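Engineer: Got a sequence here, can you model it:
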Amino acid sequence: MVNILVENQGPVRIITINRPSRRNAVDRETGDELYDVFRSFDSDPTTSVAVLTGADDAFCAGFDLKSIAEGGTIGRVENGGEGDLGPMGPTRLQLSKPVIAAIEGHAVAGGMELALWCDLRVMAEDAIFGIYCRRFGVPLVDGGTFRLARLIGQSRAMDLILTGRPVNATESEAIGLANRVVASGEALAASVQLAQELSRFPQTCMRNDRLSMLQQWGLNHDQALRNETRIGFETINSGETFDGASRFAGGVGRHGRFSDDEDR
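Structural biologist: Predicted coordinates for the structure are as follows:
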């Protein structure tokens, strides 16, 4: 069986963890493949947004502990954690393009860390997050401790990390863990639709604004403002801003309309 499935729908790349017999848990081989797939996505000029999901109504149950019990090894971390390969695969990469997690079923332990690594999370109404590895003494080593706190605040993150309790879609949306909640079975379709919408925007500007937001962590106010200005002028100098201003002057996007089709 192929561990990772890849499909393109125009500029959207759908990446599916395909280990349903293990609830899409990631062993070392799968993590390495997932890393390679995302590196390929980021360097491919024909793709703009990726959607990460899991096969058969499960997102990902984390790292495959059964594979370790059967003699396998834990995912590789290069140079004592200084490289960009994590145990779950791509979780140390900082991509230049956005990734959306389409979550059905359980996104737990390392699977939750994969979802936290993504830029946006679309969650089915009956899906579940949780640091389930709390029960087995398995640490968070794919960014979960800091990404969760940055997303939802330290107090809420501490609750989830210490208790390992399940978090349903209602609570996830309320605390900012899920960006969208959709009907059961609709997470992938809704994520692809969202990805298509993002892919229609001017890409240099969107990616540069995203980069500025990611880089502001660790910068003080003045440093973040200077960095934002530097990156912003790279967008302006690319010609994309002038093109957008010209389209607006020609009547596109008036009254807050987002689709060019609405202006026809």
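Engineer: Quick check: phi and psi at residue 50.
Structural biologist: Backbone torsions for residue 50, taken as degrees, to the nearest 10, come to phi -110, psi 150.
Engineer: how close does it get to residue 176?
Structural biologist: In this view, residue 50 and residue 176 are 22 Å apart by CB to CB, to the nearest Å. The C-beta positions use only the backbone N, C-alpha and C, and glycine is treated the same way.
Engineer: So for the two, which residue has more residues nearby?
Structural biologist: Of the pair residue 50 and residue 176, residue 50 is the one with more neighbours under other CB atoms under 10 Å, namely 26 against 12.
Engineer: is it true that that one touches residue 13?
Structural biologist: Yes: Residue 50 sits in contact with residue 13 when judged by CB atoms under 8 Å, with a separation of 4.7 Å.
Engineer: who touches both of the two?
Structural biologist: Counting by CB atoms under 8 Å, 6 or more residues apart in numbering, the common neighbours of residue 50 and residue 13 are residue 41.
Engineer: which secondary element of the protein has the worst mean pLDDT?
Structural biologist: Taking mean pLDDT, DSSP states H and E as the measure, the helices and strands of the chain show their lowest mean at helix 65-69, namely a mean of 80.
Engineer: roughly how far is that helix from the heart of the chain?
Structural biologist: Mean-position distance between helix 65-69 and its chain equals 26 Å (CA atoms, centre = their mean, to the nearest Å).
Engineer: Okay, buried residues for that helix please.
Structural biologist: When burial is assessed from 16 or more other CB atoms under 10 Å, helix 65-69 yields the following buried residues: 65, 67.
Engineer: Could you do stretch 113-128 as well?
Structural biologist: The neighbour-count check on stretch 113-128 (16+ other CB under 10 Å) flags 113-125, 127-128 as buried.
Engineer: cool, and stretch 235-248?
Structural biologist: Of the residues in stretch 235-248, those buried under the neighbour-count criterion (16+ other CB under 10 Å) are 235, 240-241, 244.
Engineer: contact partners of it?
Structural biologist: Contacts of stretch 235-248 from elsewhere in the structure, counted by CB under 8 Å, 6+ apart, are 202, 204-205, 208-209, 253-254.
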